[in-house]
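Colleague: need a structure here:
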Amino acid sequence: MDYRRFNDTIVLRIDRGEEIIEKVREVAEREQIRLAQVSALGATDDFTVGVYDVDAKRYDSKTFTGPHEIVSLTGTITEKDGAFYQHLHMSAGNKTCAVVGGHLNRAVVSVTCEMVIRILSGAVDRRPDPETGINLLRF
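Modeller: Model (predicted):
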């Protein structure tokens, strides 16, 4: 991993074999990011995404392996109880160009991942919503 900060924007390269969520956390903590928007693209060959089941209040997750292009990775960095919190979604296409995606649980980079983190001034916290079980933004 390597990155450069340009005022309120970080351009991040995540390298082969590195896990995306771990590296986002590492950079956010090192740079003391409390609120940001994340976008990325790249390639992965091992990732887990999920879809939230509101009735069961849990994610149904699936793991995918083999070559996939990250066609979209987007999300936010916020805080929960004053600590780092990230919410990322990812879509990835396979050799037949079929795309799968959902809430990102983990993804290991197979070639590279190019990410832009746009830092916003201020902070936004999260709190659990009893109806859905999701940690919602709290302003």
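
Colleague: geometric centre of this structure: which residue is closest?
Modeller: Nearest residue to the geometric centre of the chain (CA atoms, centre = their mean): residue 88, 3.1 Å.

Colleague: can you tell me the helix or strand for it?
Modeller: strand 83-93 (DSSP states H and E).

Colleague: and that strand, what does it pack against?
Modeller: helix 20-30, strand 36-53, strand 58-80, strand 99-119 (3 or more CB pairs under 8 Å, 6 or more residues apart in numbering; DSSP states H and E). In short, each C-beta sits where N, CA and C put it, glycine included.

Colleague: could you give me the buried positions within the second one?
Modeller: Just to be clear, that refers to strand 36-53. 36, 38, 40-50 (16 or more other CB atoms under 10 Å).

Colleague: distance check, the closest residue to residue 102 other than its chain neighbours against residue 6.
Modeller: The shortest distance from residue 102 to any residue other than its chain neighbours is 3.7 Å, reached at residue 49 (CB to CB, 6 or more residues apart in numbering). Distance of residue 49 to residue 6, computed by CB to CB, to the nearest Å: 30 Å.

Colleague: contact partners for residue 26?
Modeller: By CB atoms under 8 Å, 6 or more residues apart in numbering, the residues touching residue 26 are residue 1.

Colleague: re the thing from before, give the contact list for the residue nearest to the centre of the chain.
Modeller: Going by CB under 8 Å, 6+ apart, the list of residues near residue 88 reads 20, 21, 24, 38, 73, 74, 75, 103, 104.

Colleague: what about 6 Å?
Modeller: By CB atoms under 6 Å, 6 or more residues apart in numbering, the contact set of residue 88 is 75, 104.

Colleague: how close does it sit to residue 4?
Modeller: Taken as CB to CB, the span from residue 88 to residue 4 is 21 Å.

Colleague: residue 134 now?
Modeller: Applying CB to CB, the value for residue 134 to residue 4 is 34 Å.

Colleague: which of these two has more neighbours?
Modeller: Set residue 134 next to residue 4 and count neighbours by other CB atoms under 10 Å: residue 134 wins out with 13 against 9.
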